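Participant: Following is a predicted model, sequence given first.
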Protein chains: 2
Amino acid sequence: MSSDSDKNFDWLHRGTSEIFPDRQDSNSSNENLIERISQSKKPLRVKLGIDPTGTDIHLGHSIPFRKLRAFQDAGHTAVVIIGDFTAQIGDPTGKSDVRRQLTSEEVKANAQSYLDQLRPILDFDTPGRLEIRYNSEWLSKLDLAQIQGLLATMTVGQMLAKEGFAERYKQEKPIFLHEFLYPLMQGYDSVAIEADVELGGTDQKFNIAVGRDLQRHFSKTPQFGLLLPILLGTDGVQKMSKSLGNYVGLREDALSMYSKLEKTPDTLLNDYFELLTDIDLKQLPDNPREAQKLLAIEVTSQFHGKDSALQAQQTASQIVLEGNTTGGDIAEYSLSEVEFPAKLFYILGASGLCKSSGEGRRQIQGGAVRLEGDRLNDVNLSFDSPDDLAGKVLQVGKKKFVRLIT
Amino acid sequence: MSSDSDKNFDWLHRGTSEIFPDRQDSNSSNENLIERISQSKKPLRVKLGIDPTGTDIHLGHSIPFRKLRAFQDAGHTAVVIIGDFTAQIGDPTGKSDVRRQLTSEEVKANAQSYLDQLRPILDFDTPGRLEIRYNSEWLSKLDLAQIQGLLATMTVGQMLAKEGFAERYKQEKPIFLHEFLYPLMQGYDSVAIEADVELGGTDQKFNIAVGRDLQRHFSKTPQFGLLLPILLGTDGVQKMSKSLGNYVGLREDALSMYSKLEKTPDTLLNDYFELLTDIDLKQLPDNPREAQKLLAIEVTSQFHGKDSALQAQQTASQIVLEGNTTGGDIAEYSLSEVEFPAKLFYILGASGLCKSSGEGRRQIQGGAVRLEGDRLNDVNLSFDSPDDLAGKVLQVGKKKFVRLIT
């Protein structure tokens, strides 16, 4: 399989930290991914795993999926592995909250939510371009003899050399034996689905290498590893993470997404363009303010479409303008005085955006009311809890805004 | 269950290196084995494992089985575990010859041979006193989730602290991950059969303790460990082992067994009496030569009956006498000159024990011919190979002997 339009494999290399093995001088498709891609008569099977213990995914998570899409567009098959097996068995030590045991229904619901959020990124429609597999399909069938066979492929020394284990062992923090199973289970996924390539963050190199070893053990052609950088968060300092508050979630509305990305620190602009857009990096605006806006429009468009992105841009600039004309930031209105469930028209009156609830009703009917840039047309719209509104911008017409707080 | 005849539990303590846990001051049957024995309303289940990868068992192996018999005699149930599961999966690294994979038939045959050799030691007949279980019964049914649960009960540090692993890790010799499974599998045997006590050599303390941990993990009452010393070989220096040639095999004939034990070094006599006989240690002969003979008679009697033991004693003393009268050791006759298959009467003539093959026939008919002390009555007896005879003593009447060599 080779694309006539891209002999240089720019799609493969863009934003890629490492491809291994990578013998540049090798003509063997076992050691050179471009040879493998060029020589293979079948689409390659490109693996990427999802941990369905959570559903909050952000732009950092999206990066390997964007690469997966690039493989799809080059004619290859994306194989998305849902790690339902480990999610369902949990961490038997009970020491890890992250690894608490989930029911089969929770895992399915999480996986569905995860996949829904990936719809804007992956090609779900072209036949043969996407396989979604649950790893319980093969892991639940392993017996002790087979598991012994997996364990026998590695030594304690190799496992303890792995990042994470090494430090804990040195610090005499307990490492439970079952933790050694996780890399082997992930590796066995590659055996089961006959992966040609596995994608992952740079922190996945060990696990992907274990997959290679296990494929060799089972007399299959070992996969290539393609590693992508860990995205820094919008603070430009730490890696993007929900708990650090420096993230852009894939489910955020257009205004929120746009507003965060529009403030991307200059030092991150190039990385964000490279990893989160397909824009030619040689064509970026010289003006950093223009570059921020372009980035914000581009990324927001991927998830909400161009129109919503432009609307978000307009709303955001008006918020800034309003903030400037009043000589400060946008006004805040505390919902603590509001009794929930609460009607939208009531909140419009109570917050002072409208002179009364009655004017609130009329403004909704007139199409002048927006929440985070999205127009609200339902006069009877009601909110159950202040959590549904906290932190969001409520707007009437083009010049009146408040940020709702709890 | 308590035996009226032995309030001091001498049968329990005789030759025992360690019982654990052993809180002498505890009245809890969870911490004191004698309390457990005294308070239990049911027979205790006393576990001892057999590794069916080999069939050559010697007096060293017999020691825990003698203790198992003592439990049987006190009314408890011996549960002999045949480790067929590990024997059948072998060592997947192929690095250990000992752990090569055996077929189900080989394992069954080995186990049968092992059990046959234990017939003189264990009580096979009293109802409820013996259970023989193959551990594939439960181990082959474990799935990955259950195995993860087993692995999660232990840390890498605990496992590496185990004797054997510790030195190998320090010396940077590879320890393969599946090796960590063996103690867990043996421990899970205790869960499956609900062991109250597990017997083993002092080198088994770690594995038996793992069994305790796993029983606790599965909310069962943890077993006691009862450890027995590793028997020194007849050289009095190294532990008894077939490969060191310092062993007495359970399948050896009476003469061979008697002759080896009659030479037991003085330093070992007390241990051998304590571990291999039921003789009151306060009643031992003062004369070491007498003590050696008593030991040899006692142990040989266990396996061949008193008559054969006495016959072996007589034969042995005549061999010595003959050796002495000819001013040295017993004469040897090399079978290299004999064409096999060979008739017994021919060997009698060729070796010079008889004047001719004809006299050989007559001596056999007259009941004067013995091989290793056992009378041979079949005039037409033939041997296929010199290996059937090598090292054995052939005897005519009471005073003529040769040792057959190859």
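Facilitator: Perfect, thanks for sending it. Just so we're clear, the structure is a prediction, and the values are computed from it rather than from any experiment.
Participant: Show me the domain layout of chain A.
Facilitator: A:10-228, A:254-313, A:332-405 (automatic domain parsing).
Participant: So for chain B, which of those domains sits nearest?
Facilitator: domain A:10-228 (3.8 Å; Cβ to the nearest Cβ). C-beta: built from backbone N, CA, C; applies to glycine.
Participant: Just the mean pLDDT for that closest one, thanks.
Facilitator: Summarised as a single mean, pLDDT over domain A:10-228 is 90.
Participant: Find out how far it is from the centre of the chain, if you would.
Facilitator: 15 Å (Cα atoms, centre = their mean, to the nearest Å).
Participant: does chain B sit close to that domain?
Facilitator: Yes - looking at domain A:10-228 against chain B by Cβ under 8 Å from any Cβ of the partner chain, the contacts come from A:85, A:88-89, A:91-93, A:139-145, A:147-149, A:151-157, A:159-160, A:169, A:172, A:174-178, A:180-181, A:185.
Participant: Show the end-to-end separation of that domain, please.
Facilitator: End-to-end span of domain A:10-228 (Cα to Cα, to the nearest Å): 15 Å.
Participant: Which among the domains of chain A is found nearest to B:L284?
Facilitator: Smallest distance to B:L284 across the domains of chain A (Cβ to Cβ): 48.8 Å, for domain A:10-228.
Participant: now the domains of chain A as JSON lines including mean neighbour count?
Facilitator: Listed next are these as JSON lines, based on neighbours: other Cβ atoms under 10 Å in any protein chain shown:
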{"stretch": "domain A:10-228", "mean neighbour count": "18"}
{"stretch": "domain A:254-313", "mean neighbour count": "18"}
{"stretch": "domain A:332-405", "mean neighbour count": "17"}
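Participant: can I get the ones you listed in JSON lines with distance to B:A78?
Facilitator: Conversion of those to JSON lines gives the following (distance: least, Cβ to Cβ, whole Å):
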{"stretch": "domain A:10-228", "distance to B:A78": "26"}
{"stretch": "domain A:254-313", "distance to B:A78": "67"}
{"stretch": "domain A:332-405", "distance to B:A78": "65"}
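Participant: wait, which of those domains is closest to B:R119?
Facilitator: Of these, nearest to B:R119 by Cβ to Cβ is domain A:10-228, at 31.8 Å.
Participant: so where's the stretch 301-406 of chain A shaky on pLDDT?
Facilitator: A:320-329 (pLDDT under 70).
Participant: mind listing the strands for it?
Facilitator: In the stretch 301-406 of chain A, the strands defined using DSSP state E, counting those that start in this stretch lie at A:332-334, A:342-343, A:369-371, A:374-375, A:382-383, A:393-396, A:400-405.
Participant: Show me what the second one pairs with in its sheet, parallel or antiparallel.
Facilitator: Yep, that's strand A:342-343 we're talking about. strand A:382-383 (antiparallel) (DSSP bridges).
Participant: Next: the longest one.
Facilitator: As defined by DSSP bridges, the strand partners of strand A:400-405 come to strand A:332-334 (parallel), strand A:393-396 (antiparallel).
Participant: Verify the stated contact: A:T86 with A:Y182.
Facilitator: Yes - counting by Cβ atoms under 8 Å, A:Y182 is a contact partner of A:T86 at 6.7 Å.
Participant: for the domains of chain A, which one sits closest to B:L199?
Facilitator: Nearest of those to B:L199, taken as Cβ to Cβ: domain A:10-228 at 24.7 Å.
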